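J.: here is the input, now give the coordinates:
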Amino acid sequence: MLLNYPNGKKFQKPVEPHGIAIQSARSKGSTFSNRGMKLEKLINESNMFYLTHNRAIIHKKPTPLQIVQVDYPKRSAAVVKEAYFKQPSTTDYNGVYRGKYMDFEAKETNHKTSFPLKNFHPHQIEHMRQCVAHGGICFVIIRFSMYNVQYVLSVEHLFPWWEQLETGRKSIPLADIEHHGIKLETGAFPAIDYLPAVDELYFT
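T.: Okay, the predicted model is just below:
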């Protein structure tokens, strides 16, 4: 299916750079049951666990599409051939936790030593700034797929890196994310238990 942005540009799925074997020190202690699973799937499973156990109400935001071309190969089925994003996306997830509005973005990379800032878009950063300004909880979950590990990083720490993007580094060093973020292992129930990290960042 052909997708286009509101400005008419064609949507192209970003290609992540390839990684190689990880250092045993960073993989030590990680569970391998969820290796290879995409971050979105892990978070969606976790959110369902939180909802079922009445811990939080968090959902993935739908992406509104304007369908412009549909084929009908047979009477009982329709195939969308071309569509446009009605508006630029903001962040991936939002909801309510402990009486506070929560909004966050989830990103994944195959890079081994840093996270490329180009994975964020200016309108996403602006949306997160607005959420913080109105008292919301806002953060990013960054997954390093080669290590099978992810980190919760507050946007308050992300913003300074974004502000120096044009004149400084184009990525956040993994060492910096390890120091300022909260490490999340992959498990079973929930797949990624990120709420304790939210508690530590915003409720202590």
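
J.: isn't Leu174 right up against Pro116?
T.: No. At 11.5 Å, Leu174 and Pro116 do not qualify as touching, with contact defined as CB atoms under 8 Å. Glycine gets a C-beta too; all of them are placed from N, C-alpha and C.

J.: more crowded one of the two?
T.: Taking neighbours as other CB atoms under 10 Å, Leu174 and Pro116 compare with Leu174 leading, 20 against 16.

J.: any idea how far Asn119 is from Tyr50?
T.: From Asn119 across to Tyr50, the span is 25 Å (CB to CB, to the nearest Å).

J.: mind jotting down where the helices sit in the chain?
T.: Under the criterion DSSP state H, the chain carries helices at the ranges 24-27, 39-52, 122-133, 155-163, 174-180, 195-202.

J.: got any ranges where this structure has weak pLDDT?
T.: For the chain, the stretches with pLDDT under 70 are 1-37, 62-69, 75-76, 80-89.

J.: where do the strands of the protein begin and end?
T.: 2-4, 57-60, 65-74, 77-85, 93-97, 100-109, 114-116, 137-144, 149-154, 171-173, 182-184 (DSSP state E).

J.: tell me the most buried of those strands?
T.: strand 137-144 (a mean of 25; mean count of other CB atoms under 10 Å).

J.: and the contacts of that one?
T.: 39, 42-43, 91, 97, 100-109, 111-112, 115, 128, 131-132, 149-155, 158, 174, 177, 181, 184, 192, 194, 198, 201-202 (CB atoms under 8 Å, 6 or more residues apart in numbering).

J.: could you redo the last one with a cut-off of 7 Å?
T.: 39, 43, 100-109, 115, 128, 131-132, 150-155, 158, 174, 177, 194, 198, 201-202 (CB atoms under 7 Å, 6 or more residues apart in numbering).
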